[in-house]
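A.B. asks: My questions are about this predicted structure, shown below with the sequence.
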Amino acid sequence: EGIVIPLDRGIVGLVAGTQHLANVTDAYADARFDSNTDKDTGFTTRTILCAPVVDEERTTVAVIEALNKIDDRVFDAEDEALIKVLSAELRAPLRRAAASAAFATAAKNDQGYLRMFSPK
């Protein structure tokens, strides 16, 4: 279970819409930051590294974030390179998960269809 943030809110929304990485060195000083999740969870976000997960059709399917680098440091170019690799690697498992969910739904619907027309 994780925190789900709508793709039209805050830094997540910015990254989802622009499909560009965002490296925020002071969350509360950034007007684009939406502090609602911090308020809901009691967490304090200081730094954010956020990247889009984009499918083959160039559609944003998810956004991943790293928060509060250890020792109160800011995320650097090495961190940016790593999150770009991670976001690219997430494409395939997300596509498989979506296909699996679609297959499960179709199979469930087909079972109902078969039950309607099978003899009792």
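C.D. replies: Good, I have the coordinates. Numbers count the residues shown, from 1 in each chain.
A.B. asks: Helices of the protein, start to end?
C.D. replies: Along the chain, counting by DSSP state H, helices occupy 10-18, 36-41, 77-89, 91-117.
A.B. asks: what's the least confident stretch among these?
C.D. replies: Taking the mean pLDDT of each of the helices of the chain, the lowest value is held by helix 91-117, a mean of 64.
A.B. asks: okay, now residue 48: neighbour count?
C.D. replies: 25 (other Cβ atoms under 10 Å). All C-beta atoms are positioned from the backbone trio N, CA, C, and that covers glycine.
A.B. asks: Check what pLDDT it gets.
C.D. replies: The pLDDT attached to residue 48 in the predicted structure is 97.
A.B. asks: Residue 11 is in contact with that one, correct?
C.D. replies: Yes: the pair residue 48 and residue 11 passes the contact test of Cβ atoms under 8 Å, sitting 5.5 Å apart.
A.B. asks: which residues are in contact with both of the two?
C.D. replies: Common neighbours of residue 48 and residue 11 are listed as 22, 24, 27, 33, 65 (criterion: Cβ atoms under 8 Å, 6 or more residues apart in numbering).
A.B. asks: okay, which residue is most central for this structure?
C.D. replies: A centroid search over the chain (Cα atoms, centre = their mean) returns residue 63, at 3.0 Å, as the residue closest to the centre.
A.B. asks: So the closest residue to residue 3 other than its chain neighbours versus residue 71, what's the distance?
C.D. replies: Spatial nearest neighbour of residue 3, excluding adjacent residues (Cβ to Cβ, 6 or more residues apart in numbering): residue 37 at 6.0 Å. Remark: distance between residue 37 and residue 71 (Cβ to Cβ, to the nearest Å) = 23 Å.
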